[in-house]
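[1] Sharing a model that was predicted from the sequence below.
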Amino acid sequence: MKRIQLTFPQRSDYLNSLKVLNKPKSSKEYHQLIEASASAYFETNRLTRWLFIKRFKLALAYLENIGQVDSLLDAGTGIGFFLPTLTKVAKNVIAIDNTEYSLKYAKSMCNNLRIKNVSFKKTSLKKLPFKDNQFKVIVCLSVLEHVSPNELPIVIDHFHRILKPGGFLIAGYPNEGSHLFKLIQTIEPLLIRPRVIMILKNKRKLFDVLGHVSNSKQIDRAIKNRFEAVSNKSLSFLQLKLYSLGKFRKINRN
């Protein structure tokens, strides 16, 4: 397969240049965009930017190894940050998310960049309204940690059902669990994004903030019960494994 250029949208490609992120607000729109990592994609902090870019590069390497495909599902697209690249490796892309504001911004970005081969659908991962064996590839980055452990098997079963025989799941999620990782998780946002943390601690509970509810071991176990690991790599910093990104092949098990 011809090498694909990794292409990221700019803030100016989005509706109103994502001005809603400039000042923390108690609004459903703001919370949905924060949880979709809209602010983190444009962070100037080098470690944050490195991790985000590195995971997309690795995911793209997996996709290039698979080759051009007819159908791809971007499961949990958020604001569609990976879509300009995904639409180069698949003839048809369906991007899904369960939040209306994230999808609105993703649609605006694709319209501005004149991306035509992507369609959008608001849906939950637990109720994927797609046919059996519909997709060759599913890409799911930084999403499964937001799914509760008891619901992970349901989501993975849906992925298995809608993938074509021999199809691939490319899944990425943080390596949460160790005490050191938890310490970094606590300190990093306070130092880098204090305004975001301030508003997310709003105790009025006006919004459904998912947070991270499953760790990497739970996600690994759910995936490997239905898929065969083809490649699984960790993104590390100072020997600390921050993020896992794997390519898994659909297998049939009774």
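    Arrived safely.

[2] now the stretch 51-200 of the chain, which segments are flagged as low pLDDT?
    The stretch 51-200 of the chain contains residues with pLDDT under 70 at 176-200.

[3] Please enumerate the strands of it.
    Secondary structure of the stretch 51-200 of the chain (DSSP state E, counting those that start in this stretch): strands at 69-75, 90-97, 118-122, 135-141, 163-174.

[4] Distance to residue 12 and mean neighbour count added to those strands, as a markdown table?
    C-beta: built from backbone N, CA, C; applies to glycine. Listed next are the strands of the stretch 51-200 of the chain as a markdown table, based on distance: least, Cβ to Cβ, whole Å; neighbours: other Cβ atoms under 10 Å:
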| stretch | distance to residue 12 | mean neighbour count |
| --- | --- | --- |
| strand 69-75 | 22 | 23 |
| strand 90-97 | 20 | 21 |
| strand 118-122 | 19 | 16 |
| strand 135-141 | 23 | 25 |
| strand 163-174 | 27 | 21 |
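
[5] Save these as TSV, and put in distance to residue 233 too.
    Below are those laid out as TSV (distance: least, Cβ to Cβ, whole Å):
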stretch	distance to residue 233
strand 69-75	20
strand 90-97	22
strand 118-122	27
strand 135-141	13
strand 163-174	10
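
[6] between the ones you listed, which one is nearest to residue 248?
    Taking Cβ to Cβ, strand 163-174 is the member of the strands of the stretch 51-200 of the chain nearest to residue 248, at 4.5 Å.

[7] pull the CA atoms of the closest one into CSV?
    The C-alpha coordinates for strand 163-174 follow below in CSV (Å, rounded to 0.1, in the frame of the first residue of the first chain):
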residue,chain,number,x,y,z
LEU,A,163,-16.4,-7.1,11.5
LYS,A,164,-15.9,-9.2,8.3
PRO,A,165,-14.2,-12.6,8.7
GLY,A,166,-10.6,-11.9,9.2
GLY,A,167,-11.3,-8.2,9.9
PHE,A,168,-9.2,-6.1,12.2
LEU,A,169,-9.8,-4.1,15.4
ILE,A,170,-7.3,-1.4,16.1
ALA,A,171,-7.7,-0.4,19.7
GLY,A,172,-5.8,2.0,21.9
TYR,A,173,-6.2,2.8,25.6
PRO,A,174,-4.1,4.1,28.5
